[in-house]
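the amino acid sequence is not available; the structure is as follows:
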């Protein structure tokens, strides 16, 4: 295991060609005005996301993980710093450009699933495939997470783990370049959590989607290509896992 | 403990200010319409009663040809009669320069000394005629004003077929002539009807009525048996050409006034009730949803030990502040509007010296009804507070249950895009809520329809009666029937193309022990005027034998085809005859029996006689023909079709426009209140869905479509419902009119439907814009990071 103090440590070349940088954040700062106070959620964070990697972002509450993920996913804008996606500068993008960025390139998975209760599993996925350019078929996406047979069920008829897998299917159905998962297993028990992590890993490996997962749950870090630790709004350390564990091997 | 809860209340109020203001406006609209319409109605009623009693308006009336003054003593002996006032009333014409046709007028005598015992005149300006000055008159104020006649001016009048000039020394009003109704024409016409009050001696000299009278008014005991009294009066007056005595309720001006008051009363009850009902509905919807939104907070309060009544009180206070705001705006607005409306109506009714009164009772009733209605809504919403189990409520709610809709089972369901599907499922999942909201919006649409109803009805009458049924240019009535051959004189007037005699005759109809007073109309040529079916909008051919009877008369008397209707003519010898019923005709006005003149003459045993002539005149000569007719002593009135139409339009337009716009403004408040609040609640409840869509990459407009789609469905459902409810309301308003006199047709134009729909859609649009800012400011991250 290699541990480096900065996120811009060398990519895991493992003797082959250099992987492509998909998203590059430099010196990101985010300040939230809270009445008379200012909350500095990010204080100059640097991070690169490499094509096809599975990255796990860990750190204590308030360390800035979610803020960083939200900015990288185009849900929020930085106060300072730059963010580049491929050749596009996102740091000065307006709301419309950020919407387009999310629409074309980003998939999100949240702790609380956020499925539309009035749409079935398949329709929830179709919500995205309807507006995407080259999506997979909704059923295909559901099959990818093992939910093909449950496609006609409404969220209220699905378990928490199943709902989260539908959310993953919905996030990846448009074949995004980036998949961001914010505490995807936070509301799930161990067994269900493992099923969800398997789905994420499957998507990452089969589709080659660059994936970033935020978690409080340290053992999950063992399934990542790279583990980034945050603290006080900065990247504290980055480590590359030379041997990744399968989700089924994880214990907590 | 309560202190913190109060703070929460204040902050909630601030946070909900948009919703509270819009609901308060709906409540205010209800209170304002109720107080303004009710207090306007009451103020008018009070003014009328005060005017009637101060000026001793009689309880019963009779007109006759000529009777000796001594007969008054006999009349006073009738049991139940407490006062008799005999005087002179005669019809005359007043050829004023500003009118093409002569105005109709009544000459009414005043006692030589002291005020009249009954039907006193209120002198508005100038003085009374002096004894020994037969040329001095007091003129009806409304007429003087519409012709700019001032005190000191002279006025020509044709009395007893002689032209005389009078000097106007005073202007007056009287309870008998608040609403001057000209014979045959429905709308009161200030410009075409005058009253000349003159000294008794002068009037007697002009009409050859020395020591005699031609009109009599009675004061009756409060519990007098009016039928018996009427019969006795008729018996005593019959030898003197007395036509049936009538009661105050049938006195033309009063009956017209009462009719208008009745409509106003119906209006003042129906419309505000709708507003108050909608306000209750809104409070129910909003409070129920507010409780749902604050589910976790309520659960926390419960967990902390707050009792149900304390929490319920919190919501009641929330509602009370809304009610308070609405009441203040409503009462202030109602008082202002009520006063303005009263002024408008006073001018319309010519009721003198009235003042606006906003009774505490009316104000309290308005606030009370709103409070009760709102509290009912609030309590319904509160049920769920009581039911809430803290532990359950503090857990994140399970996803709402949805199922496949009927639509999903159809073939084309697959083609519907997901956002549209979200809208449809939401609607189908909560049909009751959708219907409730639609119903509230529909009420508003209905109110707009009602506001335009009078205009449409007036337009319909104008079209059918005066544009289609009346085809003559001039309608000339004589004082007495004349031989038809006399009409040849008109044929020689240059420009006259057609001359057609007609015969109008007051009559009493009787069948199967039922009686009604109405008119017999005789036609000779039936080229210019034929009986006209207002419903079918088609002229009807006259039967060769028998009569065509107004449907309403047929209904009242229980007539069927072939029945023999007994007729007693109310003129001269009071001849009686029978007419077989040959058909029925749907007419807007009066109770009429149409026959051809041959039949009528035959039954009356007379030579062909007529009291009306219809003329068609070439346009350029119309004015000169009118001027010539105006001078004829024989002529009682000349009506010009074009001026009646004009006058009808003028008199009704101002009044109707005001009502229409006021109601439209209030209705818009309702629509905005309903749509805005629904949108706010929908936004709060679906914030997560909408934020998710934004995160997934949907654009502002696409997300807004889901929110607006639901509202659009409500509005679309509301439109036909509202138009239908509007029609029902109009039927209700029409039912308040005395059908024997006038059948208000429930005819609504496409323009009205479009206008009502447009107001509804426009107000919804405004409400939509009001939420748009909130939709934009949707906190994507915040919403998604919290549990439901």
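Structure received. Predicted model only: the values in this text are computed from it and were never measured.

residue B:673 reaches residue B:21, doesn't it?
No - with contact defined as CB atoms under 8 Å, residue B:673 does not count as touching residue B:21 (9.2 Å). The way it works is simple: take the backbone N, C-alpha and C, and place the C-beta from them, glycine included.

the more surrounded of these two?
residue B:673 (30 against 16; other CB atoms under 10 Å in any protein chain shown).

surely that one is in a strand?
No - per DSSP: H, G, I helix; E, B strand; the rest coil, residue B:673 lies outside any strand segment and is helix.

relative to chain A, how far out is the residue nearest to it when sequence neighbours are not counted?
Sequence neighbours aside, residue B:26 is the residue nearest to residue B:673 in space, at 3.9 Å (criterion: CB to CB, 6 or more residues apart in numbering or on different chains). Distance, residue B:26 to chain A, using CB to the nearest CB, to the nearest Å: 29 Å.

can you check residue B:259 too?
55 Å.

and residue 171, how many residues sit next to it?
You didn't pick a chain, so chain A it is. 29.

wrong chain, I was asking about chain B
Count around residue B:171 with other CB under 10 Å applied: 21.

tell me which strands and helices the helix or strand containing it is in contact with?
Using DSSP states H and E, the element containing residue B:171 is strand B:162-173. Under the contact definition 3 or more CB pairs under 8 Å, 6 or more residues apart in numbering or on different chains; DSSP states H and E, strand B:162-173 sits against strand B:122-126, strand B:136-140, helix B:141-146, strand B:154-159, strand B:193-199.

my read: residue A:111 touches residue A:181, true?
No - contact between residue A:111 and residue A:181 fails when scored by CB under 8 Å: they sit 9.1 Å apart.

the two - which one has more neighbours?
residue A:181 (27 against 21).

what pLDDT does the more buried one get?
pLDDT for residue A:181: 93.

cool, and residue B:434?
86.

which stretch of helix or strand covers it?
Applying DSSP H and E, one finds residue B:434 within helix B:431-461.

equivalent analysis for residue B:698, please.
Per DSSP H and E, there is no helix or strand for residue B:698.

how many neighbours does it have?
24.

any idea how far it is from residue A:118?
From residue B:698 over to residue A:118 the distance is 15 Å, taken as CB to CB, to the nearest Å.

before we move on, the earlier item: now do the helix holding residue B:434: distance to the chain's middle.
Mean C-alpha position of helix B:431-461 versus that of the full chain (CA atoms, centre = their mean, to the nearest Å) differs by 16 Å.

which strands and helices lie in contact with it?
Partner elements for helix B:431-461 (3+ CB pairs under 8 Å, 6+ apart): helix B:252-293, helix B:641-695, helix B:700-734, helix B:750-776.

partner strands of the helix or strand following it, with direction?
Downstream of helix B:431-461, the next assigned helix or strand under DSSP H and E is strand B:474-483. The pairing partners recorded for strand B:474-483 under DSSP bridges are strand B:609-617 (antiparallel), strand B:635-640 (antiparallel).

pick out the residue of chain A closest to chain B.
Nearest to chain B in chain A, going by CB to the nearest CB, is residue A:103, at a distance of 2.6 Å.

quick check: which element contains that residue?
Assigned by DSSP H and E, residue A:103 falls within helix A:95-105.

surely the residue nearest to residue B:673 touches residue B:670?
Yes - here residue B:26 reaches residue B:670: they are 5.5 Å apart, a contact under CB under 8 Å.

what touches both of those two?
Overlap of the contact sets of residue B:26 and residue B:670 (by CB atoms under 8 Å, 6 or more residues apart in numbering or on different chains) consists of B:275, B:278.

looking at these two, which has the bigger crowd around it?
Higher neighbour count among residue B:26 and residue B:670: residue B:26, with 32 against 29, using other CB under 10 Å.

how far does the strand or helix carrying the more buried one sit from the chain's center?
Secondary structure from DSSP H and E places residue B:26 in helix B:17-54. Mean-position distance between helix B:17-54 and its chain equals 16 Å (CA atoms, centre = their mean).

who does it touch, helix- and strand-wise?
helix B:252-293, helix B:308-349, helix B:360-387, helix B:641-695.

tabulate those helices (JSON lines), appending mean pLDDT and distance to residue B:486.
Output for the helices and strands packed on helix B:17-54, formatted as JSON lines (pLDDT from 0 to 100; distance: least, CB to CB, whole Å):
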{"stretch": "helix B:252-293", "mean pLDDT": "76", "distance to residue B:486": "29"}
{"stretch": "helix B:308-349", "mean pLDDT": "84", "distance to residue B:486": "40"}
{"stretch": "helix B:360-387", "mean pLDDT": "78", "distance to residue B:486": "59"}
{"stretch": "helix B:641-695", "mean pLDDT": "80", "distance to residue B:486": "23"}
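
can you redo the ones you listed as a markdown table with distance to residue B:209?
Below are those laid out as a markdown table (distance: least, CB to CB, whole Å):
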| stretch | distance to residue B:209 |
| --- | --- |
| helix B:252-293 | 22 |
| helix B:308-349 | 32 |
| helix B:360-387 | 49 |
| helix B:641-695 | 33 |
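
of all the ones you listed, which lies closest to residue A:163?
Across the helices and strands packed on helix B:17-54, residue A:163 has its closest neighbour in helix B:641-695 (12.5 Å, CB to CB).

the residue of the stretch 651-788 of chain B found nearest chain A and residue A:132: what is the separation?
Chain A sits closest to residue B:697 of the stretch 651-788 of chain B, with a gap of 2.6 Å, by CB to the nearest CB. Distance, residue B:697 to residue A:132, using CB to CB: 8 Å.

repeat that for residue B:12.
Taking CB to CB, one finds residue B:12 at 41 Å from residue A:132.

neighbour count for those two, which is higher?
Per other CB under 10 Å, whichever of residue B:12 and residue A:132 has more neighbours is residue B:12, with 19 against 16.

what are the phi and psi angles of the more buried one?
phi -60, psi -40 (degrees, to the nearest 10).

list the contacts for it?
Residue B:12 neighbours (CB under 8 Å, 6+ apart): residue B:318.

helix, strand or coil: sort out residue B:580 for me.
Here residue B:580 is recorded as strand under three-state DSSP.

ok, it touching residue B:548?
No - shown here, residue B:580 and residue B:548 do not form a contact pair, counting by CB under 8 Å, at 11.1 Å.

compare those two (neighbour count), which wins?
Taking neighbours as other CB under 10 Å, residue B:580 and residue B:548 compare with residue B:548 leading, 25 against 14.

which one is that one nearest to, not counting chain neighbours?
In space, residue B:548 is closest to residue B:594, 4.3 Å off (CB to CB, 6+ apart).

for the one you found, give its distance to chain A.
65 Å.

now do the contacts for that residue.
Residue B:594 neighbours (CB under 8 Å, 6+ apart): B:521, B:523, B:531, B:542, B:547, B:548, B:549, B:585.

likewise residue B:529?
Per CB under 8 Å, 6+ apart, neighbours of residue B:529: B:469, B:470, B:471, B:472, B:500, B:502, B:523, B:614.

what's the neighbour count on the third one?
Applying the criterion other CB under 10 Å, we find 17 residues in the vicinity of residue B:471.
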